[in-house]
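1. sequence and computational prediction follow.
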Amino acid sequence: AVVSTQSTAAKPAAKPVEKEESDDDFGFGESDEDDAPKGESEMQKMKRLAAEKKAADAAAKKDKPAPVLKSNVVLDIKPWDDETDLQAMEKAVRAIKMDGLTWGDSKLVEIGFGIKKLRISTCIIDELVGLYDLEDNITELEDYVQSVDIVSHNKI
């Protein structure tokens, strides 16, 4: 009977040792389990943490003012023919006023057969000036303008 008591005494001592070894699975997820609601799977926990981080980022963005987005735009404005007064056409184009529109440099570029086009640069604030609205306003100068092409459009 003494032998059987020793074997039963040895077995309970061995079982806790095995539990401690199985708990040392490199500690993955052990500290976070206390914070998570019971019954929450790993995927649910990851989704919950991602949603919390997204909400915190959104709150931080609300505090910052939105940056003003600007663009540099170069336009080619083509006249009807070689007899069109390009200086008057440039004055008429520069007379177009819009909030957020600043006219820049311009030059006359040779197309061919003695016809030149006006290449003009502008800086626009994207929220205030619609590029196609600007193009339509220039095209409305029907006495001077045949067509308008956007040569380049670069965000600043």
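-> Looks like it arrived, so ask away. Numbering: from 1, shown residues only.
2. make it CA atoms for all contacts and neighbour counts henceforth
-> Fine.
3. pLDDT weak spots in this protein?
-> 1-39, 60-64, 66 (pLDDT under 70).
4. for residue 51, give its distance to residue 43.
-> Remark: distance between residue 51 and residue 43 (Cα to Cα, to the nearest Å) = 12 Å.
5. higher neighbour count, those two?
-> In terms of neighbours (other Cα atoms under 10 Å), residue 51 is the more surrounded of residue 51 and residue 43; the figures are 12 against 9.
6. could I get the full set of helices for the protein?
-> 2-23, 30-33, 42-63, 86-94, 131-139 (DSSP state H).
7. the fourth one vs helix 131-139, what angle?
-> Going by axes from the mean of the first three to the mean of the last three Cα atoms, to 10 degrees, helix 86-94 is angled at 140 degrees with respect to helix 131-139.
8. residue 126 against residue 71, yeah?
-> Yes. Residue 126 lies in contact with residue 71 (Cα atoms under 8 Å); the separation is 6.7 Å.
9. check which residues of stretch 107-127 are buried.
-> 108, 115-126 (16 or more other Cα atoms under 10 Å).
10. quick one: that stretch to chain centroid distance?
-> Distance of stretch 107-127 from its chain centroid, counting by Cα atoms, centre = their mean, to the nearest Å, is 30 Å.
11. who's in contact with that stretch?
-> Around stretch 107-127, the neighbours that count as contacts under Cα atoms under 8 Å, 6 or more residues apart in numbering are 68-79, 81-82, 86, 90, 100-106.
12. list buried residues within the residues you listed.
-> By neighbour count, with 16+ other Cα under 10 Å, the contacts of stretch 107-127 hold 70-79, 86, 90, 101, 103 as buried.
13. residue 151 - how many residues pack around it?
-> 13.
14. so which of the buried residues of stretch 107-127 comes closest to residue 151?
-> Residue 151 lies nearest to residue 119 out of those, by Cα to Cα, at 8.6 Å.
15. what bridges to the residue nearest to residue 121 when sequence neighbours are not counted?
-> Leaving aside its chain neighbours, residue 121 sits nearest to residue 74 (4.3 Å; criterion: Cα to Cα, 6 or more residues apart in numbering). Residue 74 has these beta-bridge partners by DSSP bridges: residue 121, residue 152.
16. how about the one 5 residues further on?
-> Beta-bridge pairing of residue 79 under DSSP bridges involves residue 145.
17. separation between it and residue 42?
-> 67 Å.
18. list phi and psi for residue 80.
-> Dihedral pair for residue 80: phi -70, psi -40, per degrees, to the nearest 10.
19. thanks a lot, catch you later.
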